[in-house]
Every structure is written in C-alpha cells, then in structure tokens.
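Enquirer: build me a structure from this.
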Amino acid sequence: MAAKLPPTVEKVDASYLESLLGYNASRASLAVVTVFLERMAVYGMKPVNFSVLSLITHNPGITSRQLCSNLGILPPNLVGMLNALEQRELITRKPHPRDGRAMGLHLTAAGHKLMLDAERTATALEGEVASRLSVSELKTLIRLLQKIYL
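Expert: Next comes the predicted model:
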C-alpha cells in the first residue's frame with residue numbers, strides 16, 4: 001500500500017487573519033515603515049526619533065513628560081534618545097518657564113533644517129504609500145485608526 005502524501009496548499013487561506021484589525025493594522029504599518037526606514041536613513045532617523053523631533057518642532061518647549069504621554073514612550077527609553085539627539089546637536093534643553101523641575105525641549109538650527117527636510121520627505125512618502133486611497137478615504141482611515149488609540 002502506497003503511503004499517502006500530505007496535502008499541499010495551492011492557495012493560502014488568510015481570511016481569518018484578514019478579518020482581524022491588528023493583522024491589517026500591522027500589515028499596513030509594515031508597508032509604511034519599510035518605505036519610511038529607507039527614506040529616513042539619510043537623516044539617521046527611525047520612526048520614534050522622527051515622532052519625537054516632530055513634536056518638538058511643532059511644540060517648542062515641550063517637556064519629556066509630555067513627549068512620553070503623547071507617544072506612549074517609557075521615560076527611561078526617552079532619556080537615551082534625547083541624549084543622542086542632543087549629542088547630534090539637533091535639540092537643546094532649556095529651563096521650563098513655569099516648572100522649575102522641568103526642562104523644555106527645543107530644536108537647534110540644525111534640528112530645524114533636518115526636520116524641514118525630513119517632514120517634507122515623510123509627506124511625500126505617505127502620499128506614495130497611500131496612493132491607492134482617495135483623499136477622502138485616507139482621512140477616514142486616519143480618523144478611524146485614531147478612534148482606537150486616542
């Protein structure tokens with residue numbers, strides 16, 4: 001009697017995974033992050049560095065505590081990142097005007113130039129990655145995703 005061969009998969013059934021929010025969000029994130037990492041390598045930035053610098057760009061004087069709260073970063077993880085950004089001369093720390101214990105974070109001139117270029121690059125790559133969506137669909141997608149984490 002001949003041994004029965006195991007079944008082969010001709011077409012992968014991913015319907016269950018494709019019904020899950022987390023799976024779809026992760027796949028979409030990977031598609032964006034892959035392009036982001038390629039394009040941001042020239043600036044020496046990963047997504048979290050970009051997010052931190054973007055918040056500092058648009059909120060001069062923001063504190064570490066505010067960064068952690070807005071980005072979901074643990075304080076010990078942020079300290080090393082801020083030190084590295086300061087060593088790259090992209091940010092400076094200045095005493096907070098109302099809280100004597102806090103330091104406000106500010107971009108340096110080099111940080112401003114870097115972020116001007118990096119944000120321009122990010123905007124372009126987002127447009128490319130989302131090119132299969134209409135402007136309305138993209139706004140709706142962003143709004144729906146934000147309902148999950150805001």
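
Enquirer: low-confidence ranges in this protein?
Expert: Counting by pLDDT under 70, the chain has low-confidence residues at 1.

Enquirer: go again using 90 as the cut-off
Expert: Along the chain, segments meeting pLDDT under 90 span 1-8, 95-103, 149-150.

Enquirer: and the strands in the protein, which stretches?
Expert: Assigned by DSSP state E, the strands in the chain fall at 91-95, 103-107.

Enquirer: and the helices in this protein?
Expert: Using DSSP state H, the helices of the chain run over 15-18, 21-40, 47-58, 64-71, 75-87, 109-129, 135-149.

Enquirer: of those, which is nearest His96?
Expert: For the helices of the chain, the distance to His96 is smallest for helix 64-71, at 10.2 Å, taking Cβ to Cβ. In this view, the C-beta of every residue, glycine as well, is placed from N, C-alpha and C.

Enquirer: tilt between that closest one and helix 75-87?
Expert: Helix 64-71 and helix 75-87 are oriented at 110 degrees to each other (axes from the mean of the first three to the mean of the last three Cα atoms, to 10 degrees).

Enquirer: neighbours of the closest residue to Ile73 other than its chain neighbours, just the number please.
Expert: Spatial nearest neighbour of Ile73, excluding adjacent residues (Cβ to Cβ, 6 or more residues apart in numbering): Leu67 at 6.6 Å. Here the number of neighbours of Leu67 (other Cβ atoms under 10 Å) works out to 20.
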